[in-house]
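Trainee: below are the sequence and a predicted model; questions follow.
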Amino acid sequence: MSDNSRDRGILSGADRAYLRGDTELGSVQSERNTRARIRNRIYQAIQDFELLVEHLPADDRKLVFEKRFDEMDGTAAFDTMVSAMAFLYQATNDTELTFETVLKEGINLAEAGNDRAATVSLEVTYQSLTVDQLRRKLKRGETLSLTEIAFLHESEAIRRDELARYFTDVEEATADIDDGRIQSKVTNFS
């Protein structure tokens, strides 16, 4: 199902079009109202998760994730879950909470329903990304991670035709990549 034909979720079809830049609003006030409405829906939706965790029957949750996600094309289900986690990670960083604490408590809240607790450890190591650093890596024939490929794809400091030289055989270049979004970006370099 395309993004345009999906039912309303947190965002309406008009909200999606606005965020993608497909729609221009008639006035500054219309844009402010749209952004305020989106922020309010996000805020309310995040609060709804407590109710979903505590009261949505497991069978209903499974029907959403086992049935509907299995019906999604390609890697869409994976991309959707990764994007949800990325949004929550970003959102947690916008608060005074630490993501590791929130993640640990979230996993344990879920596991409490199974009458067990979990020990969770998370190690995050940061490294800065630069186009020059990644160019050198490509010239040495080193493999790039999905994050590095996406970074180069989004960068204005490297032309697509320049990047495409490193991906002359798209099948070979993407053989170990399961993320459809990245595959389509690599495919579009040529």
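Mentor: All right, it came through fine.
Trainee: so what pLDDT did the residue nearest to the spatial centre of the chain get?
Mentor: Among the residues of the chain, the one closest to the centroid is Ser83, at 1.8 Å (CA atoms, centre = their mean). Here the pLDDT value assigned to Ser83 is 90.
Trainee: which helix or strand contains it?
Mentor: In the assignment (DSSP states H and E), Ser83 maps to helix 76-93.
Trainee: the helix or strand just after that helix: how far from the chain's middle?
Mentor: Using DSSP H and E, the helix or strand that directly follows helix 76-93 along the chain is helix 99-112. Taking CA atoms, centre = their mean, to the nearest Å, one finds helix 99-112 lying 20 Å from the centre of the chain it belongs to.
Trainee: okay, buried residues for the helix holding Ser83 please.
Mentor: Taking 16 or more other CB atoms under 10 Å as the neighbour-count basis, helix 76-93 is seen to contain the buried residues Leu88, Thr92. C-betas here are computed from N, CA, C, even on glycine.
Trainee: what is that helix packed up against?
Mentor: Contacts of helix 76-93 with other secondary structure elements, assessed using 3 or more CB pairs under 8 Å, 6 or more residues apart in numbering; DSSP states H and E, are made with helix 69-70, helix 99-112, helix 180-187.
Trainee: pick out the shakiest of the ones you listed, pLDDT-wise.
Mentor: Set side by side, the helices and strands packed on helix 76-93 show their lowest mean pLDDT on helix 180-187, which sits at a mean of 45.
Trainee: show me the shaky parts of the chain.
Mentor: Applying pLDDT under 70 to the chain picks out residues 1-4, 74, 167-190.
Trainee: which residue ranges make up each domain of it?
Mentor: 3-112, 131-187 (automatic domain parsing).
Trainee: so which of those is nearest Val124?
Mentor: Closest of the domains of the chain to Val124 is domain 3-112, at 7.9 Å (criterion: CB to CB).
Trainee: from the middle of its chain, how far away would that closest one be?
Mentor: Domain 3-112 sits 10 Å away from the centroid of its parent chain (CA atoms, centre = their mean).
Trainee: could you list the buried residues of the longest helix along the chain?
Mentor: Once the chain is assigned using DSSP state H, the helix that runs over the most residues is helix 28-55. With burial defined by 16+ other CB under 10 Å, the residues of helix 28-55 counted as buried are Thr34, Ile38, Arg41.
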